[in-house]
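Asker: What follows is a predicted structure for the sequence shown.
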There are 2 protein chains.
Amino acid sequence: MIRVFIVDDHPVVIEGIHSLLQHEKDIAWVGQAMNAQSCLGFFVNNTADVVLMDISMPGMDGVELCAVMKERYPGIMVLGLSTFNQGLYIKKMMENGASGYILKNSSREELIEAIHAVYCGAIFFSGEVGQALQEYQKSSKKILPVLTPREKEILGLIAEGYTNPQIAEKIFLSSFTVDSHRKNLLAKLNVKNTASLIKLAVEQKLI
Amino acid sequence: MIRVFIVDDHPVVIEGIHSLLQHEKDIAWVGQAMNAQSCLGFFVNNTADVVLMDISMPGMDGVELCAVMKERYPGIMVLGLSTFNQGLYIKKMMENGASGYILKNSSREELIEAIHAVYCGAIFFSGEVGQALQEYQKSSKKILPVLTPREKEILGLIAEGYTNPQIAEKIFLSSFTVDSHRKNLLAKLNVKNTASLIKLAVEQKLI
DNA sequence: TGGGCTATCCCCCGAAACAGTGATTCTGCC
DNA sequence: GGCAGAATCACTGTTTCGGGGGATAGCCCA
């Protein structure tokens, strides 16, 4: 028996999902909340297996609430729930420990499949959401100039916090050479200084 | 009918999965390969809906192969497949466009559920894998000192590539003050210079 | 009311980064 | 054989950073 709790500020959604789930034999409806505070209040004296959680709510939003819930009750699985479909929010929910994400207009089958999957510890994104997430990951990758092996190596060492002379000593080069590579990196990646260089490098996973 | 292709350098695994799937009515076995080259060769003149892909193979590994496949044939869904269960590899596969990840010792039910899910565009990780991924995400977060709002603001501007005088002008402060905050950031986060500061900040999502 | 913290401002100085311009070697490739 | 590019080394400036030392003012809270 999977005990399901829902938190959403729209009564319509609560009702809708309740009616979708009420005839499921292995799903038990343990409660509902319309904001983060009342959700946290419920779990002081009660528990559940899976929490369906709206991502956008007044006050503390789903992303934050998810983090708090997973901090206090790591065993409770969180399934994100939203009307819209944005990669950024999905990614944030996942980073805060959610086990999946579906749209509020999902079919009954999808909803039940998702609840079962996350209950078993699996991670599940329904079709549309999964595609949006992949699109999002793709779109955040830029077309970058090719770095030579030497440049990559030096980029890595710069990121570690080594100075030019230190790098020079470490890989047996003149510090002039290291400086040349560093200048090439700035030029190739079209950034103005070390700070923006490292930011770009980490974001684009060059190191 | 879901057309499934498998690439794995272990004949035993190919055979095992083949026998698990051969009586499935809606799954068609279109082919197999034992390395990345022969897999890419197959798809020149053929196609499939879902590719089960080993993560560790001689020559080009699964992570790379996945990237190439999704580049050439974005419509083909890739389902990662491995004997071991390491967050880092799973994450890399996902970044390269995979739609899911299961262990080779998954049950028949899990395997079929995963194939159906990714075929529908969903993203699916079976139980053990999902938990490993979440553990991995958790473990990569360090306990960090709390930054004040002002420090966060300045940290963001440093990452954008602004110098102290530029930041000072931008937020109407003395460049001495900006410098003080900058020094506090270095001290609080225990890093030696801008490069390591920004690396840490991006990795830990402080900006 | 006094300590702790944030936020602001100031100065000095050496080290590092950044900009500009130049050069030589070696390798792969057409 | 020649050409492009990588990789190496060199010099000269100016700007910025980073370490050290301070100071003042406001705020919260015990």
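Answerer: Nice, thanks for sending it over.

Asker: Would you check that residue A:39 makes contact with residue A:62?
Answerer: No - counting by C-beta atoms under 8 Å, residue A:39 does not reach residue A:62; the two are 10.1 Å apart. From N, CA and C alone the C-beta is placed, and that goes for glycine too.

Asker: Please identify every residue contacting each of those two.
Answerer: residue A:7 (C-beta atoms under 8 Å, 6 or more residues apart in numbering or on different chains).

Asker: residue at max distance from the center of chain A?
Answerer: residue A:174 (42.8 Å; C-alpha atoms, centre = their mean).

Asker: quick one: it and residue B:43, what's the gap?
Answerer: For residue A:174, the distance to residue B:43 equals 48 Å [C-beta to C-beta, to the nearest Å].

Asker: Now do the contacts for the residue nearest to residue A:38 when sequence neighbours are not counted.
Answerer: Spatial nearest neighbour of residue A:38, excluding adjacent residues (C-beta to C-beta, 6 or more residues apart in numbering or on different chains): residue A:7 at 7.9 Å. Each residue near residue A:7 by C-beta under 8 Å, 6+ apart is listed here: A:32-36, A:38-39, A:51-54, A:57, A:62, A:65.

Asker: Is there proximity between stretch A:99-109 and chain B?
Answerer: Yes - if you take C-beta under 8 Å from any C-beta of the partner chain as the test, stretch A:99-109 does meet chain B, through residue A:99.

Asker: Work out for me the element the most centrally placed residue in chain A sits within.
Answerer: Nearest to the mean C-alpha position of chain A, counting by C-alpha atoms, centre = their mean, stands residue A:91 at 2.6 Å. Using DSSP states H and E, residue A:91 falls within helix A:87-95.

Asker: Now do the strands in chain A.
Answerer: Applying DSSP state E to chain A gives strands spanning A:2-7, A:27-33, A:50-54, A:77-82, A:100-103, A:123-125.

Asker: got these as a markdown table, with distance to residue B:158 and mean pLDDT columns?
Answerer: Putting those into a markdown table (distance: least, C-beta to C-beta, whole Å; pLDDT from 0 to 100) gives the following:
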| stretch | distance to residue B:158 | mean pLDDT |
| --- | --- | --- |
| strand A:2-7 | 38 | 97 |
| strand A:27-33 | 40 | 95 |
| strand A:50-54 | 35 | 95 |
| strand A:77-82 | 33 | 93 |
| strand A:100-103 | 33 | 92 |
| strand A:123-125 | 35 | 93 |
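
Asker: Any chance of TSV for the ones you listed, columns distance to DNA strand D?
Answerer: Supplementary listing: the strands of chain A in TSV, determined by distance: least, C-beta to the nearest atom of the strand, whole Å:
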stretch	distance to DNA strand D
strand A:2-7	29
strand A:27-33	28
strand A:50-54	30
strand A:77-82	31
strand A:100-103	37
strand A:123-125	39
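
Asker: What distance do you get for the nearest residue in space to residue A:11 that is not next to it in sequence to residue A:77?
Answerer: Nearest residue to residue A:11 in three dimensions, chain neighbours excluded: residue A:34, at 7.4 Å (C-beta to C-beta, 6+ apart). Going from residue A:34 to residue A:77 by C-beta to C-beta gives 21 Å.

Asker: now residue A:93
Answerer: With distances taken as C-beta to C-beta, residue A:93 is found 12 Å from residue A:77.

Asker: Pick out whichever of the two has more residues nearby.
Answerer: A direct count of neighbours by other C-beta atoms under 10 Å in any protein chain shown for residue A:93 and residue A:77 places residue A:77 higher, at 28 against 24.

Asker: residue boundaries of the helices in chain A?
Answerer: A:11-21, A:36-45, A:62-72, A:87-95, A:108-119, A:127-139, A:149-159, A:164-170, A:175-188, A:194-203 (DSSP state H).

Asker: Give me the contacts around the first one.
Answerer: Looking back up the chat, that one is helix A:11-21. By C-beta under 8 Å, 6+ apart, the residues outside helix A:11-21 that reach it are A:4, A:6, A:8, A:27, A:29, A:32, A:34, A:52, A:54, A:81, A:104, A:108, A:111-112.

Asker: No further questions, thank you.
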